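**Student:** Got a predicted structure plus its sequence, pasted below:
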Amino acid sequence: MTVFNDMQKEYPNRALIILGVSIGLTTVLDITGVFTNCWISDGQNCTGIVPFDSSGPVWLAATSWMMFISVGVAVVMIALYFVIVIEVLKLGYHITIRKRLIFIRLLAVLYLFLIVISILVFLPNVGSYKNSEMWNQAGWSCWLTIISIVGIGLVELFGQLVQRQCIAT
């Protein structure tokens, strides 16, 4: 812990910057994954979950809606991050910033919940989509969204580190 404290004294904004990069990375991966057209692949052709098709199966509709909501949550996290940066520039790492950091961390948990549940609904059902002769599988768009879970883990970690820097002054 002393190594972190020494680095914190030398680079006081490092955790806040990495928090922003993590939120940005997560959002880019999520938006790219959701709005590209290779969620379901049969080896040659791909199908996306956008635009939303209400005539499709219920599991695909549920996955699509949870993915849309996850994009909204990621955008709210970005907006809240900018509010935090502005407050840090004005007040420094004041204790009042903690409530916004807690809210970002709660949004990160909501994001994680939406992604994990939608993937747990999507992956078992993708093989039987449209009763095709070919075996369907998850495409690269799905895997981009799954990779965004790593970014959300970093958001939680660095959100905690920034929260530790906030002191009452």
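**Tutor:** Received it, and whenever you're ready, just let me know what you need. Owing to the predicted nature of the structure, the values given are computational and were not obtained by experimental measurement.

**Student:** in this structure, which residue is closest to the centre?
**Tutor:** Centroid check for the chain by Cα atoms, centre = their mean gives residue 26 as the closest residue, at 4.5 Å.

**Student:** how far out from the middle of the chain is stretch 139-152?
**Tutor:** Mean-position distance between stretch 139-152 and its chain equals 9 Å (Cα atoms, centre = their mean, to the nearest Å).

**Student:** now stretch 63-70
**Tutor:** 12 Å.

**Student:** related to what we said a few turns ago, correct me, but the residue nearest to the centre of the chain touches residue 107?
**Tutor:** No. Taking contacts as Cβ atoms under 8 Å, residue 26 lies outside contact range of residue 107: 10.7 Å. For glycine as for every other residue, the C-beta is placed from the backbone atoms N, C-alpha and C.

**Student:** Identify the contacts common to those two.
**Tutor:** Residues within reach of residue 26 and of residue 107 at once, by Cβ atoms under 8 Å, 6 or more residues apart in numbering, are residue 77.

**Student:** that older thread, tell me which helix or strand the residue nearest to the centre of the chain sits in.
**Tutor:** Counting by DSSP states H and E, the element that carries residue 26 is helix 14-35.

**Student:** Contacts for that helix, please.
**Tutor:** So helix 14-35 is contacted by 7-8, 48-50, 67-68, 70-71, 74-75, 77-78, 81, 84-85, 88, 104, 111, 115, 141-148, 151-152, 154-155, 158-159, 161-162, 165 (Cβ under 8 Å, 6+ apart).

**Student:** What residues sit buried inside it?
**Tutor:** 15-16, 18-20, 22-23, 25-27, 29-31, 33-34 (16 or more other Cβ atoms under 10 Å).

**Student:** With stretch 74-82 instead?
**Tutor:** Buried, per 16+ other Cβ under 10 Å, within stretch 74-82: 74, 77, 80-81.

**Student:** List of residues touching that stretch?
**Tutor:** Outside stretch 74-82, the residues touching it (Cβ under 8 Å, 6+ apart) are 19-20, 23-24, 26-27, 30-31, 100, 103-104, 107-108, 111, 155.

**Student:** let's see 7 Å
**Tutor:** 19-20, 23, 26-27, 30, 100, 103-104, 107-108, 111 (Cβ atoms under 7 Å, 6 or more residues apart in numbering).

**Student:** And the strands in the chain, which stretches?
**Tutor:** Under the criterion DSSP state E, the chain carries strands at the ranges 40-41, 46-47, 137-138.
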